[in-house]
Structure formats: structure tokens, C-alpha cells
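*Asks:* Sequence first, then the predicted structure:
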Amino acid sequence: MSETPAEARSLNFLEEIVEADLKSGKCESIHTRFPPEPNGYLHIGHAKSICLNFGLALKYAGKTNLRFDDTNPVKEETEYVDSILEDVRWLGFQPAHIFYASDYFEKLFELAVRLIKKGLAYVDDSSSEEIALQKGSPTEAGVENEYRSRSVDENLRLFQEMRDGRYADGQKVLRAKLDMSSPNMHLRDPILYRIKHAHHHRTGDSWCIYPMYDFAHGQSDSIEHITHSICTLEFVPHRPLYNWLIEKLEIFPSRQYEFARLNLTYTVMSKRKLLQLVNEQFVSGWDDPRMPTISGLRRRGYTAESIRHFTERIGVQKRDNLIDVSLLEFCIRENLNKTALRKMVVFDPLKLVISNYPDTVEMLSSEDYPEGAEINSSRELPFSRELYIEREDFMEEPPKKFFRLSPGKRVRLKSAYIIQCEEAIKDASGKITELRCTYLPESKSGADSSGLKVQGTLHWVSAPHAINIELRLYDRLFKVENPGSEDGDFKEYINPDSLQVLTHAVAEPSLRNAKFNQGYQFIRKAYFCLDKDSSEEKIIFNRTVSLKDAWAKEVKKG
RNA sequence: UGCCCGAUAGUAUAAAGGUAGUACGACAGAUUUUGAUUCUGUUUGUCGAGGUUCGAAUCCUCGUCGGGCAACCA
């Protein structure tokens, strides 16, 4: 595919920065990084960051590291590290290196010592409450305390003692000596190190002091020679500190750039909230198919390609945004339309008997992909006298434009024959239990000499050959577009009908051999994928996304 | 109300002082053995007021609105 000049000029602001830096010689090649804290599962917002960081490096022949920002031992777990590794790879990216901030604890300690020696950091004995108080407020300057004037030697000794475990949690911290009256709160002598006698998932008990984000992130970037450190907007106020530390430490000058995080309608996108949904069991886990996590989307049937494509389409900017989830749905439909195997599944079966069809079984061929698809294959389907069709595909008194079955009307059974409805059998309560139809032998699919045109085509399953499957139909997790911005607890806005389980669906027999990592389209209904809960005895499918439904819209209009 | 970031159709995103374009959505139609897909068409936009300029979405000023910042979290 060749790009037109117009497209080539349409770069996002990060690409513009990179091109300018490459052109000016500010850097020879670019080096980015994706730096998650392993305190939760990755979500689609992280996918945006991943695609951005890896995408930039791919486009400009650079490198991208995966770095775990594991500086807070009480929140981080190996389970999360493993899931992040899996999700990044699944998305299709190969990190140049995999690092951990904890790899740098010793170096970071040395850097802190360097800062103390320059008289730019001091050990503070104040409690966290006192420090908060002394910090002032956005409109009031902070005040300097007595510890701020400690000598370099005393600071050096005290910091070493902190490391040696001589103090309890909270007793002392190391702070940068900056400006207690700065209008930027982050510059009011930020804490660099705190004492935590906690077990770290990688370094175990060898450390009892841990660097804060501001004294780990930029320094790790610098150690890895990251040229473009791309993060989200909430870190903008940290940038002056990021640069100050690099300057004073005289280390590799990584530069930070910020973009707006992704927000999606009808979901929440913060690890804190997602963790609540998991812990309070509003969902079955991090990989519940309703979750916006990468593992949830994967289980739901989203492909990595569709997610990558989605992140390209939403673009990247510095303004806050709320992306319509219909764009994500468009991306997966677009992808699955090309790759999903077509199958026939009846969600809500209604028996249909073809009275003039012999008591035999006929094998009929049906295409696996739609006409015009790159792949072209077909499968054999058993057809017999007794079938199931969708209950909603029959109406005794049809409204206008109802192209399906009703008494006396004709429809085609997909890949089979044209049938005509003769009679609806009801039980004592008036519920329809069975349809009696006749078929036109000369209307066989592919060899139709009947000359008849019908308006509707229905999917069906041969009753004696049908297999029972469970269908899990997912809907949006929240009832409102932006649950995070509503008043009160976001959990009040959870959609109580976000999961509907159909246990009596029937499917064509080929679905007994359904595979994981294969998309299926249950024709006229929706895209599905096999769920991990599936077994030989119980075959379970997750609805990825429904097909667009013009008839449903028509009905809604009334 | 101190500092910082931002504002282009319903939602996103282009236009680098020179025709406001694209995608999704919505709506209408054509094709269709999936009411899917595909195709065609329609719809709606530069936050406001000044200024600079032959010319402003773009530059300047003042507003307005939205978001972020006062964790020993990242």
C-alpha cells in the first residue's frame, strides 16, 4: 500500500516530535518504553499506550522496552506481571528488553546519595501529616522545617541507616531540596524515598526503603536511554521535577511527553475501579468478557488486530476524550466479517416439520465465509424433515415488512429449500409449539428451478442432528455513557442485564469441533467465540458483538 | 480561587496563515440465499468577544467552559 503525500503529512503530535528530533539530530534513533505498574490487569487504555510506544518505534526503526514499575511492594504481585507479559505479547508486540524498576534499586540508591552530596536532598523526620501540613496549599506557600538544613554528612549517615533498617515505617523519608513555595505542588520538596518493611515480589526482603515514582521513573528512563518517555496527561505537573532530577543528577536526558488517556463510553477505565468490580464480584474476574481489560476483550472474542486497528483510528491528542464504544464494535465486526466461520445456531428453538419431506437425511453444502471473502470454503450440513428455527422468525399476524415466516408465507431456509408455512400448532395455553410446512423440491439451493423469489432467508438446524450449546450474551456493563463522571458511586450505574445466559440454544453439529482463537458468526445473529469454561459435555460460546440489525431498528421505530 | 493542560459536526480525528476534510454514528436508497457484508447519497462543526492580516480553525489579547495538581500511590 502506498501512502499519498496528503496522508504522509498527517502525523500525530508525537510523530511530529519524533520526526523533528530525528531530523535535528537530537537523537539518532528513538527508544520508547511501556512502563506498567504490576498492580492490576491491563485494559484497553493500556493498549493505546502499548500501540503508541511500540508503534512509534516500529515506524521509526527504534526500540521499545517493557518495564515494570515495581517500586511499591505492597501493591504489586507476580500474577499481574505474568498477565501483563501475556497481554503485550498477545497484542503482537515484542519488547526489545524486559526490565523492572526493581533491577535498578542499587543504582537508584547511588543516585540518591549523589543528590545528597550535592546538598539537594535531605532526610526528614516529620510524620506524613506534618509534611502534608508544611506543604501548604495551591494558594498558600509551604514552609521549610528544621530538618531541611541538616548537613550533607548527617543526611548521608541517616539515609544509610534508613537503608540498614534502623527505622520503622514512616519514621523518616528522603526529600529533594527544591522550593517549598513553588506554585507547582510537586516541586515543594517531594519525597524521594520512604521506608517500607515489606516483601517485594522480586527483591524479597533485601530492601526496606523504596523509591517513589518521581525518583524511579525518570531515572529508569535515563538508565535505559529512553529518548521519548510517553505518559498520560496527569503527569504533566511532574515534568519539571522529571527534568530537574535529570539535570542535577547529570544523567541521560530522557524527555517526557504526555497524551490524553483513553476513555470509552459505558465502561470505567481505572485500575482502582476495575479492581473493585472484581473484588466485589460484580464480574467473574479480571478476564470477565464484560471487562475492558485486554484479557476480558480477548475472552470476549476481540482479536489483537481489531484492537490495534482501533487504537490507530482513535488517534492521539492532548484533549480529554470519551470514545464511543460503537467504534470499537465497528473494528471487531470489520475484522470478524473477514475471518469468522459462518455457522447456524438457533437461540430460541421452535420446531418446524416439513410434512412433504421424506423421512431421510440429506447433506447440503453451505459456505463458511460470505461471498467475496478471501477464503472460500464450505461444509456439509444435515437436513431432515424436522428442524428448528428461531421462534422470533415466525409471527401469526405479521406487521408490514416482516420478511419471515407467517401462515401461508414462503421463505428460504439458508442453503436449503424454499418452504411454505401451512399451520401453527398450539398447546392448551395458546403457545405455539410446532410449525407445519411444505417444501418445494425444485428450489434446492444452488439448483433452484422454481423461479420463485422470497423476501426472507432463515437459519435453521436439523432437529435430530442438533447439539445443545450454551450462549452467553453480553451487553454493556453500565447503563450510562460515563459512569465515572456521574454523581455518587459508579457502581450504582451497573447494568443489571449485562449478562444473559441461553442454555437451550441448538447448533449445527460441526460446532462440536469448535476451536479456541477462531471467530464464528452465527448467521443473522452475532459473532461468537468458544469460552474457556467450555467442555466436552457443555459447549459454551461468548457473544463478541451482535450483527447490525436493521429489522430491530425498524421494530423499535414502530 | 494559585499553577498547569486543553477546546473543530453526536463521538473522535485532519487541515503547518489560503476550498473546513475523513472515520464512526444517524438517516435515505441500491444490491443481497445472513434485514449481515458491499455500494451510493444525505445530515450536522471551528467556545465567545476583540485584534493582526489581502486572507485566521491556525497568530495575539481578554473572557468562557472542561480537565489535572496539595498520596510516605503510580
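*Replies:* It's in.
*Asks:* Need the CA coordinates for stretch A:245-253. PDB is fine.
*Replies:* Output in PDB follows, covering the C-alpha atoms of stretch A:245-253 (Å, rounded to 0.1, in the frame of the first residue of the first chain):
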ATOM      1  CA  LEU A 245      16.400  15.400  38.600                       C
ATOM      2  CA  ILE A 246      17.900  14.600  35.300                       C
ATOM      3  CA  GLU A 247      19.700  17.900  35.300                       C
ATOM      4  CA  LYS A 248      21.000  17.700  38.800                       C
ATOM      5  CA  LEU A 249      21.900  14.000  38.600                       C
ATOM      6  CA  GLU A 250      23.600  14.700  35.300                       C
ATOM      7  CA  ILE A 251      22.200  11.600  33.700                       C
ATOM      8  CA  PHE A 252      21.000  10.700  30.200                       C
ATOM      9  CA  PRO A 253      18.400  13.300  29.200                       C
END
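*Asks:* And it, how far out from the chain middle?
*Replies:* Centroid separation for stretch A:245-253 versus its chain: 36 Å, with C-alpha atoms, centre = their mean, to the nearest Å.
*Asks:* So which bits of that stretch are buried?
*Replies:* A:245-246, A:248-249, A:251 (16 or more other C-beta atoms under 10 Å). To be clear about C-beta, it is placed using only N, CA and C from the backbone, and glycine gets the same treatment.
*Asks:* List the contacts of that stretch.
*Replies:* A:111, A:114-115, A:118, A:120, A:176, A:214-215, A:218-219, A:222-223, A:225, A:254 (C-beta atoms under 8 Å, 6 or more residues apart in numbering).
*Asks:* Narrow those residues to just the buried residues.
*Replies:* A:111, A:115, A:120, A:176, A:214-215, A:218-219, A:222-223, A:254.
*Asks:* Reformat these as CSV; add secondary structure and distance to RNA strand B.
*Replies:* Compiled in CSV, those are given as follows (DSSP: H, G, I helix; E, B strand; the rest coil; distance: C-beta to the nearest atom of the strand, whole Å):
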residue, secondary structure, distance to RNA strand B
A:L111, helix, 16
A:L115, helix, 17
A:L120, coil, 18
A:A176, strand, 12
A:D214, helix, 7
A:F215, helix, 8
A:G218, helix, 11
A:Q219, helix, 12
A:S222, helix, 15
A:I223, helix, 15
A:S254, coil, 15
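*Asks:* any weak-confidence spans in chain A?
*Replies:* A:1-9 (pLDDT under 70).
*Asks:* make it 80
*Replies:* The model of chain A has pLDDT under 80 over residues A:1-9, A:371-374, A:557-558.
*Asks:* Let me know the helix or strand that A:K553 is in.
*Replies:* helix A:550-557 (DSSP states H and E).
*Asks:* and that helix with RNA strand B, contact?
*Replies:* Yes. Against RNA strand B, helix A:550-557 shows contacts by C-beta under 7 Å from any atom of the strand at A:550-551, A:553-554, A:557.
*Asks:* could I get those as CSV with neighbour count?
*Replies:* Converted to CSV, the residues of helix A:550-557 next to RNA strand B look like this (neighbours: other C-beta atoms under 10 Å):
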residue, neighbour count
A:A550, 8
A:W551, 14
A:K553, 9
A:E554, 13
A:K557, 6
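*Asks:* Could I get the full set of strands for the stretch 351-500 of chain A?
*Replies:* With DSSP state E, counting those that start in this stretch as the definition, the stretch 351-500 of chain A shows strands at residue ranges A:362-367, A:378-383, A:386-390, A:410-413, A:418-426, A:432-439, A:457-458, A:461-462, A:467-474, A:499-507.
*Asks:* now swap in the stretch 1-150 of chain A and tell me
*Replies:* Using DSSP E, counting those that start in this stretch, strands in the stretch 1-150 of chain A cover A:31-34, A:63-68, A:97-100, A:121-124.
*Asks:* Which of these sits closest to A:S485?
*Replies:* Distance to A:S485, taken as C-beta to C-beta, is lowest for strand A:31-34 among the strands of the stretch 1-150 of chain A, at 27.2 Å.
*Asks:* Among the residues of helix A:550-557 next to RNA strand B, which one lies nearest to A:R543?
*Replies:* Closest to A:R543, out of all of these and judged by C-beta to C-beta, is A:W551, at 17.9 Å.
*Asks:* Just the closest of the buried residues of stretch A:245-253 to RNA strand B, please.
*Replies:* Checking those against RNA strand B by C-beta to the nearest atom of the strand gives A:L245 as the nearest, at 14.0 Å.
*Asks:* now the residue of chain A positioned farthest from its centre, nearest residue through space, not along the chain?
*Replies:* Within chain A, the residue lying farthest from the chain centre (C-alpha atoms, centre = their mean) is A:N356, at 51.6 Å. Leaving aside its chain neighbours, A:N356 sits nearest to A:T438 (4.8 Å; criterion: C-beta to C-beta, 6 or more residues apart in numbering).
*Asks:* contacting residues for the one you found?
*Replies:* Counting by C-beta under 8 Å, 6+ apart, A:T438 makes contact with A:354-356, A:419-420, A:422.
*Asks:* again, but for A:S462
*Replies:* Per C-beta under 8 Å, 6+ apart, neighbours of A:S462: A:361, A:381-384, A:386-387, A:508.
*Asks:* where along the stretch 201-350 of chain A do the helices fall?
*Replies:* Ranges of helices within the stretch 201-350 of chain A are A:217-223, A:239-249, A:271-279, A:294-300, A:304-314, A:325-339, based on DSSP state H, counting those that start in this stretch.
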